[in-house]
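Engineer: mind looking at a prediction? Sequence and model below.
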There are 2 protein chains.
Amino acid sequence: MPSRLDNLRSTLSEQRLDALFVSQAINRRYLSGFTGSAGYLIVTHKDAILATDFRYVQQAKTQAPDFQIIQIGGQLNSWFTKLISDLGVKSLGFEGDDVALTTYQQIVKAARKTSPKSRPRLISTEGIVERLRAVKETEEVESIKKAAAIADAAEDYASTQLKPGMTEKELAWILEKFLREEGSQNLPFPIIVASGPNSALPHAQPTDRPIQEGEPVVVDLGARVNGYCSDITRTICYGKPGDDLSRIYRIVLEAQASAMNSICVGMKGEESDQLARDIIEKTGYGNSFGHSLGHGVGLDEHEYPRLGPNSTDVMEPNMVFTVEPGIYIEGWGGVRIEDMVLLEEKGPRPLTNAKKANL
Amino acid sequence: MPSRLDNLRSTLSEQRLDALFVSQAINRRYLSGFTGSAGYLIVTHKDAILATDFRYVQQAKTQAPDFQIIQIGGQLNSWFTKLISDLGVKSLGFEGDDVALTTYQQIVKAARKTSPKSRPRLISTEGIVERLRAVKETEEVESIKKAAAIADAAEDYASTQLKPGMTEKELAWILEKFLREEGSQNLPFPIIVASGPNSALPHAQPTDRPIQEGEPVVVDLGARVNGYCSDITRTICYGKPGDDLSRIYRIVLEAQASAMNSICVGMKGEESDQLARDIIEKTGYGNSFGHSLGHGVGLDEHEYPRLGPNSTDVMEPNMVFTVEPGIYIEGWGGVRIEDMVLLEEKGPRPLTNAKKANL
């Protein structure tokens, strides 16, 4: 991934860092292509090193041709001292929002063992690679589009399969098989099928509850293609929806449309969120929309940027994120409608296009 | 989970701690029963508090009846200061091996805002809850046995489904459907089906490679029941195995039997590992067994204890762990045989019992 390394090195220059120590698993994959579950990267302005254990050395050599692979084992400080002595960097960033305190203490200890001349200053960084990941390359968008198309098809399939008496778990498993057989890799997150009162839980797990006529059924699912995730939610209903459901559904639909129409490049995450929140607050349901409007999607199903209260993340061209307002009422149920968009100069372009129910 | 809280409180007393701040997700679930993806526990000698956000408050109330649920939002320091002031603890442990450096810094900052009288000392701990989790209760063993039985059935099914020309991905998907339809929750880890040279990668991902006659096929899979995982590996072969495969297979089989026969209560992880390693080293394949002999299994698919070089973890009654030696040869392939055992006073009792191939 030479261009990703170039981008990282530009950021390192801006932040006056000689090197970054990458511990976060998805950042490791993004920069190197290596998909194993263990390892670290050290990227300097000249070198790119991937340190991993016996189980993954062969795989790393194949997947990360731009990196020099070194085999490590045991505690971090046993190999780290030699490596950073050899690299001769004066300032070494690490991912303070990922590294556990005890790992950080090992890094400090290992750094102290180097000779004073080759000892780097350790600098805690946050979100360096996450910010690079947020702006998608053309190839990444292509993978996300494929994952979105599979998820769309699954949502459309859900409407045809929904029958009263079917349990949430049964529908979830029908949809999981569908997603996988249509080409999804391991799902990015467990499918949510939440019916009736269960749909008041924004992150419900499917239960053995039989789905009934007239009630909301929230179906939140995603697919994964080439590692890239999709994420979509539809709220559906078998038969004639109750009056409350129709009313609440239309509010959520309007809130989503308002955000989709107005989010633009340069807007902050909290402003984007407020677009949908304004509509919901006007109807008196403000306290029932307790989560954020959306989040970035890529190799991780939840990534930078965050569209929510107090988010100063700035929307940039080629970011991919969700727009997913919801209203949740304990005892009654909930409605959420979620689409993924690609932010273009002229505004958000929807990446998910599954049919929306007419409730 | 009152008895788990009692056990935790005993450990806190031994370590002279007034309270533990639990950030690690599986520890949170183990102690409270709450399965949501976000939240913190604070357990004192009197109180048990679960702090989580809007999305999960309802679910937490249902799942964690022994805990007082408080709704939080935003940065950690906004609610943490008040909470620890109210609790009046003098020493507060946190999970240093889980908490990210920047979260730790927030904890420190929040603690500084309390009045000097109610300001706790912050103490970094490691593995407190993980050590409790390692020793299984009867009910936990029952769930693991169910998960093991489903995994056994899937391994036996694999032998009947294996056909030359079938790809690794195809077989993996057949097995995943089988596991799920036999009652497994979301799989604990992606199924490994690695054939021929691919089986030299201990953590291979299934590919589109068509499986051929006479070569090793490593099938590593698990099921999940009530959150508890199983983990088993069989190496199988379609048709007549090559001479190398038969020879290497028998070495691994003997190494596994040797460990299964001799691991006992009181033994260290490194001694357990050496039992199998001795056999493999004698045959000259020592360098080809590059991973550890095994690991604990429970709510996490890899947990305490570790059976491997330099592991001082001590085997205790009612621990559940894997015994999984392997030999991996680049370009040729690999063999791994893995079973889960429950350690009883008289030795390990196998929890997985799928047929082993006669190669």
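Structural biologist: That came through fine. Note that the structure is a prediction, hence the values are computed from the model and not measured. Numbering: from 1, shown residues only, chains lettered A, B, ... in the order given.
Engineer: closest point of the stretch 1-150 of chain A to chain B, which residue?
Structural biologist: Residue of the stretch 1-150 of chain A nearest chain B, by C-beta to the nearest C-beta: A:F54 (3.2 Å). The C-beta positions use only the backbone N, C-alpha and C, and glycine is treated the same way.
Engineer: give me the helices and strands touching whichever strand or helix holds A:V341, please.
Structural biologist: In this structure, A:V341 sits in strand A:339-344 according to DSSP states H and E. Applying 3 or more C-beta pairs under 8 Å, 6 or more residues apart in numbering or on different chains; DSSP states H and E, one finds that strand A:339-344 contacts helix A:138-161, helix A:243-262, strand A:320-323, strand A:347-350.
Engineer: the residue of the stretch 1-150 of chain A closest to chain B touches B:S288, doesn't it?
Structural biologist: No - using C-beta atoms under 8 Å, A:F54 makes no contact with B:S288, being 9.7 Å away.
Engineer: enumerate the residues of the stretch 1-150 of chain A near chain B.
Structural biologist: Within the stretch 1-150 of chain A, the residues that sit near chain B (C-beta under 8 Å from any C-beta of the partner chain) are A:35-37, A:53-56, A:58-59, A:74, A:96-105, A:124, A:126.
Engineer: kindly recompute the last result at 6 Å.
Structural biologist: With C-beta under 6 Å from any C-beta of the partner chain as the criterion, the stretch 1-150 of chain A comes near chain B at residues A:54-55, A:58-59, A:96-102, A:104.
Engineer: nearest to A:V22 among those?
Structural biologist: Lowest distance from A:V22 to these (C-beta to C-beta) belongs to A:D98, with 8.6 Å.
Engineer: and that closest one, helix, strand or coil?
Structural biologist: Under the three-state scheme (DSSP: H, G, I helix; E, B strand; the rest coil), A:D98 adopts coil.
Engineer: tell me how far the helix or strand A:W79 falls within lies from the chain's centre.
Structural biologist: For A:W79, the element it lies in under DSSP H and E is helix A:76-87. From the chain centre to the centre of helix A:76-87 is a distance of 32 Å (C-alpha atoms, centre = their mean, to the nearest Å).
Engineer: sorry, back to before: tell me which of the helices and strands packed on strand A:339-344 sits most buried.
Structural biologist: When the helices and strands packed on strand A:339-344 are scored by mean count of other C-beta atoms under 10 Å in any protein chain shown, the highest mean neighbour count falls to strand A:320-323 (a mean of 27).
Engineer: so A:K169, which state does it fall into?
Structural biologist: helix.
Engineer: can you tell me the closest non-neighbouring residue to it?
Structural biologist: Distances taken as C-beta to C-beta, 6 or more residues apart in numbering or on different chains put A:P206 closest to A:K169, at 4.5 Å, once the chain neighbours are dropped.
Engineer: which ones are touching the one you found?
Structural biologist: Listed by C-beta atoms under 6 Å, 6 or more residues apart in numbering or on different chains, the contact partners of A:P206 are A:168-169, A:172, A:193.
Engineer: now do the contacts for the spatially most central residue of chain A.
Structural biologist: In chain A, the C-alpha nearest the mean C-alpha coordinate belongs to A:H302, at 2.3 Å (C-alpha atoms, centre = their mean). For A:H302, the contacting residues are A:H295, by C-beta under 6 Å, 6+ apart.
Engineer: let's see it at 10 Å
Structural biologist: A:188-189, A:229, A:231, A:292, A:294-296, A:322, B:37 (C-beta atoms under 10 Å, 6 or more residues apart in numbering or on different chains).
Engineer: ranges for the helices of chain A?
Structural biologist: Here chain A has its helices, by DSSP state H, at A:2-14, A:25-32, A:57-63, A:76-87, A:101-112, A:128-134, A:138-161, A:168-181, A:243-262, A:269-282.
Engineer: could you dump the ones you listed to TSV with mean pLDDT?
Structural biologist: As requested, these are arranged in TSV below (pLDDT from 0 to 100):
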stretch	mean pLDDT
helix A:2-14	95
helix A:25-32	98
helix A:57-63	92
helix A:76-87	87
helix A:101-112	93
helix A:128-134	98
helix A:138-161	98
helix A:168-181	97
helix A:243-262	97
helix A:269-282	98
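Engineer: as CSV, these with distance to B:R180 would be great.
Structural biologist: CSV is the format used below for these (distance: least, C-beta to C-beta, whole Å):
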stretch, distance to B:R180
helix A:2-14, 36
helix A:25-32, 25
helix A:57-63, 27
helix A:76-87, 38
helix A:101-112, 35
helix A:128-134, 31
helix A:138-161, 16
helix A:168-181, 7
helix A:243-262, 31
helix A:269-282, 36
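Engineer: for A:K346, which of those is the nearest?
Structural biologist: Distance to A:K346, taken as C-beta to C-beta, is lowest for helix A:243-262 among these, at 11.7 Å.
Engineer: check A:L17 and give its pLDDT.
Structural biologist: For A:L17, the model assigns a pLDDT of 97.
Engineer: what's the residue nearest to it when sequence neighbours are not counted in contact with, if anything?
Structural biologist: Once flanking residues are discounted, A:L17 sits nearest to A:G93: 4.4 Å by C-beta to C-beta, 6+ apart. Applying C-beta under 10 Å, 6+ apart to A:G93 gives the contacts A:11-12, A:15-22, A:43, A:120-126, A:128.
Engineer: roughly how far apart are the residue nearest to A:K169 and A:D231?
Structural biologist: Counting by C-beta to C-beta, to the nearest Å, the separation of A:P206 from A:D231 is 17 Å.
Engineer: could you report the neighbour count for the closest residue to A:V22 other than its chain neighbours?
Structural biologist: Nearest residue to A:V22, sequence neighbours excluded (C-beta to C-beta, 6+ apart): A:L41, at 3.9 Å. For A:L41, the count of nearby residues is 27 (other C-beta atoms under 10 Å in any protein chain shown).
Engineer: near chain B, which residues of the stretch 201-350 of chain A?
Structural biologist: Proximity of the stretch 201-350 of chain A to chain B (C-beta under 10 Å from any C-beta of the partner chain) is limited to residues A:201-205, A:287-292, A:302, A:308-310, A:326, A:328, A:330-331.
Engineer: kindly state the domain boundaries assigned to chain A.
Structural biologist: As assigned by automatic domain parsing, chain A contains the domains A:2-133, A:135-350.
Engineer: looking at those, which is buried most?
Structural biologist: Ranked by mean neighbour count, the domains of chain A are led by domain A:135-350 with a mean of 20 (mean count of other C-beta under 10 Å).
Engineer: now find how far off-centre that one is within its chain.
Structural biologist: 13 Å.
Engineer: between its first and last residues, how far does that domain reach?
Structural biologist: This stretch, domain A:135-350, spans 16 Å end to end (C-alpha to C-alpha, to the nearest Å).
Engineer: likewise for stretch A:295-307?
Structural biologist: Distance across stretch A:295-307, first residue to last, is 6 Å (C-alpha to C-alpha).
Engineer: roughly how far apart are the residue of the stretch 151-300 of chain A found nearest chain B and B:F289?
Structural biologist: Relative to chain B, the nearest point of the stretch 151-300 of chain A is A:G290 (3.2 Å; C-beta to the nearest C-beta). From A:G290 across to B:F289, the span is 51 Å (C-beta to C-beta).
Engineer: got it, and A:V193?
Structural biologist: From A:V193 across to B:F289, the span is 44 Å (C-beta to C-beta).
Engineer: so what's the residue nearest to A:D313 when sequence neighbours are not counted up against?
Structural biologist: In space, A:D313 comes closest to A:P305 once its chain neighbours are excluded; the distance is 3.6 Å by C-beta to C-beta, 6+ apart. Going by C-beta under 10 Å, 6+ apart, A:P305 touches A:130-131, A:134-135, A:268-269, A:272, A:294-296, A:311-316, A:319-321, A:343.
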